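Provided below are the primary sequence and the corresponding predicted coordinates.
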Amino acid sequence: MKRFMKWSICAPAIVLIAASTGAAQAQTQAPAYPTKPVHLVVPYAAGGGIDLVARMVGAPLAESLKQPVLTENKPGANGVLATQEVARLAPDGYSLLLGVPATIAINPSVYKLNVDTLKGLQPVAALAVARFVIVTAANSGIDSLPKLVASAKAEPGKYSFASYGSGSASHLAGEMLNVLAGIKTTHIPYKGSAAALPDVMSGRVDFMFDVVANVQPHVQSGRLKVIAVAGDQSLPQFPDAPPANSIVPGLSLDGWVGLFAPTGTPTAVIDRLNSEVNVSLQTPELRARLEAAGFDILGGAPGDLARIVQRDYAIYSRAARSAGLRND
């Protein structure tokens with residue numbers, strides 16, 4: 001500052017003394033982190049893909065933090081219960097949430113929330129992403145996305161799509177297709193992918209947006225066909241499936257998984273968690289396990305995850321409005 005310029009000879013020494021004194025006080029006043037177990041809340045039941053990611057990431061994170069990372073499953077209301085609970089907890093780094101598009105970017109547009117989770121949670125690190133694809137029954141005759149769009153335009157309301165449930169990412173992806181392609185297809189909700197896919201394979205429902213890990217066994221068995229990748233890049237698993245974005249501009253979504261903390265968590269704690277997560281994601285063992293489960297590694301700074309959330313909130317809120325979903 002200008003008022004310090006007249007102390008040009010002694011100012012550096014004063015600054016150094018002040019800095020060292022402040023650092024010493026900070027070391028005295030700031031408790032070490034962590035000094036007790038860290039709780040990682042998963043908004044879905046044990047045994048699913050998201051729970052699997054939590055346990056895969058939790059093990060190396062516990063080793064690097066030198067404290068247990070306890071996974072707690074709190075399913076209910078499409079993730080609303082767990083998400084709002086974590087947003088209310090103390091911002092001390094001991095309570096974290098494993099968030100996905102539905103819980104972070106979709107629910108604020110669909111439900112009336114007691115806590116604004118977009119403001120009540122802050123990003124720590126993006127972990128991994130499961131790519132969405134569009135599938136039909138192998139013998140359905142709808143063997144491409146252009147053909148699906150053309151058929152749906154010719155006969156509005158005739159075709160239907162399955163989803164994990166109302167307000168889920170797979171539901172809003174179908175609504176995005178309706179809006180962006182200018183078609184009208186009917187939403188058929190199910191209680192999860194396992195319940196929906198048999199009706200897609202039988203032709204009872206015409207198509208579905210689902211992640212690679214869920215559909216790949218059925219594609220390999222010849223019962224499902226991937227007609228497009230719901231993004232702007234093709235996938236090595238399905239080299240013949242074009243990116244949907246090249247056919248229906250704007251049709252792109254990812255099934256990302258990220259780590260979040262209550263807003264107000266100290267920056268030093270966020271930085272420590274982010275650093276340890278990124279180191280863990282680079283270990284060959286964790287990478288191999290996540291990739292085998294159908295996930296691609298993400299990682300990056302907290303701001304990278306924040307941008308993903310902002311992007312998806314804009315996309316999904318538009319889809320929710322078009323689907324007539326309300327905050328009630």
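Looks like it came in fine.

where does the stretch 201-328 of the chain have low pLDDT?
Applying pLDDT under 70 to the stretch 201-328 of the chain flags the ranges 326-328.

in it, which spans are strands?
Along the stretch 201-328 of the chain, counting by DSSP state E, counting those that start in this stretch, strands occupy 207-211, 224-229, 254-262, 296-297.

need the winner for burial among these.
strand 207-211 (a mean of 26; mean count of other Cβ atoms under 10 Å). Heads up, the C-betas are built off the backbone N, CA and C, glycines and all.

what helices or strands is that one leaning on?
Contacts defined by 3 or more Cβ pairs under 8 Å, 6 or more residues apart in numbering; DSSP states H and E place strand 207-211 against strand 121-137, strand 160-163, helix 169-181, helix 193-202.

so which of the strands of the stretch 201-328 of the chain is nearest Ser95?
Comparison of these against Ser95 by Cβ to Cβ identifies strand 254-262 as nearest, at 6.6 Å.

in its sheet, what does the closest one sit against?
strand 95-99 (antiparallel), strand 121-137 (antiparallel) (DSSP bridges).

Ala194: neighbour count?
11 (other Cβ atoms under 10 Å).

quick check: it vs Gly141, distance?
25 Å (Cβ to Cβ, to the nearest Å).

swap in Tyr44?
Counting by Cβ to Cβ - Tyr44 and Gly141 are separated by 35 Å.

run through the residues that contact the nearest residue to Gly294 once chain neighbours are set aside.
Leaving aside its sequence neighbours, Gly294 sits nearest to Ala213 (Cβ to Cβ, 6 or more residues apart in numbering; 2.8 Å). Under the criterion of Cβ atoms under 8 Å, 6 or more residues apart in numbering, the neighbours of Ala213 are Gly49, Ala130, Ala293, Gly294, Phe295.

filter those residues to the buried ones?
Buried subset of the contacts of Ala213 (neighbour count, 16 or more other Cβ atoms under 10 Å): Gly49, Ala130, Gly294, Phe295.

just the ones in helices from those, please.
Gly49 (DSSP state H).

and the buried ones among the contacts of Ala213, which is closest to Leu180?
Among these, and counting by Cβ to Cβ, the member closest to Leu180 is Ala130, at 21.5 Å.

and the closest one, how far from Glu291?
11 Å.

circling back: any chance of the strands of the stretch 201-328 of the chain in TSV, plus distance to Asn178?
Listed next are the strands of the stretch 201-328 of the chain as TSV, based on distance: least, Cβ to Cβ, whole Å:
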stretch	distance to Asn178
strand 207-211	12
strand 224-229	15
strand 254-262	20
strand 296-297	27
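
over to Ser151: give its phi and psi.
phi -70, psi -40 (degrees, to the nearest 10).

could you find the closest non-adjacent residue to Lys153?
Here the residue nearest Lys153, using Cβ to Cβ, 6+ apart, is Ile183, at 5.5 Å.

number of nearby residues for the one you found?
For Ile183, using other Cβ under 10 Å, the count is 20.

wait, isn't it in contact with Pro156?
Yes. Using Cβ atoms under 8 Å, Ile183 is in contact with Pro156, at 7.0 Å.

so which of the strands of the stretch 201-328 of the chain is nearest His39?
Across the strands of the stretch 201-328 of the chain, closest to His39 is strand 254-262 (Cβ to Cβ), at 11.1 Å.

from the chain's centre, how far out does the closest one sit?
Centroid displacement of strand 254-262 relative to its chain, using Cα atoms, centre = their mean, to the nearest Å, is 5 Å.

before we move on, back to that, distance of the residue nearest to Gly294 relative to Leu290?
10 Å.

before we move on, what about Asp254?
For Asp254, the distance to Leu290 - Cβ to Cβ - is 14 Å.

which residues does Leu177 contact?
Per Cβ under 8 Å, 6+ apart, neighbours of Leu177: Ile134, Phe161, Ile183, Thr185, Phe209, Val248, Leu251.

per-domain residue ranges of the protein.
Listed by automatic domain parsing, the domain ranges of the chain are 38-129+254-322, 131-246.

how deep is the nearest residue in space to Val215 that is not next to it in sequence tucked in, by neighbour count?
Nearest residue to Val215, sequence neighbours excluded (Cβ to Cβ, 6+ apart): Val135, at 5.2 Å. Using other Cβ under 10 Å, Val135 is surrounded by 27 other residues.

so what's Val135 bridging to?
Residues in beta-bridge contact with Val135 (DSSP bridges): Met208, Val226.

can you pull the pLDDT of it?
Note for Val135: predicted pLDDT of 98.

just the one 3 residues further on next, same as before
Taken from the predicted model, the pLDDT recorded for Ala138 is 96.

and for Met5?
33.

reformat the contacts of Ala213 as JSON lines; add distance to Arg55.
Shown next, in JSON lines, are those (distance: Cβ to Cβ, whole Å):
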{"residue": "Gly49", "distance to Arg55": "11"}
{"residue": "Ala130", "distance to Arg55": "16"}
{"residue": "Ala293", "distance to Arg55": "11"}
{"residue": "Gly294", "distance to Arg55": "16"}
{"residue": "Phe295", "distance to Arg55": "13"}
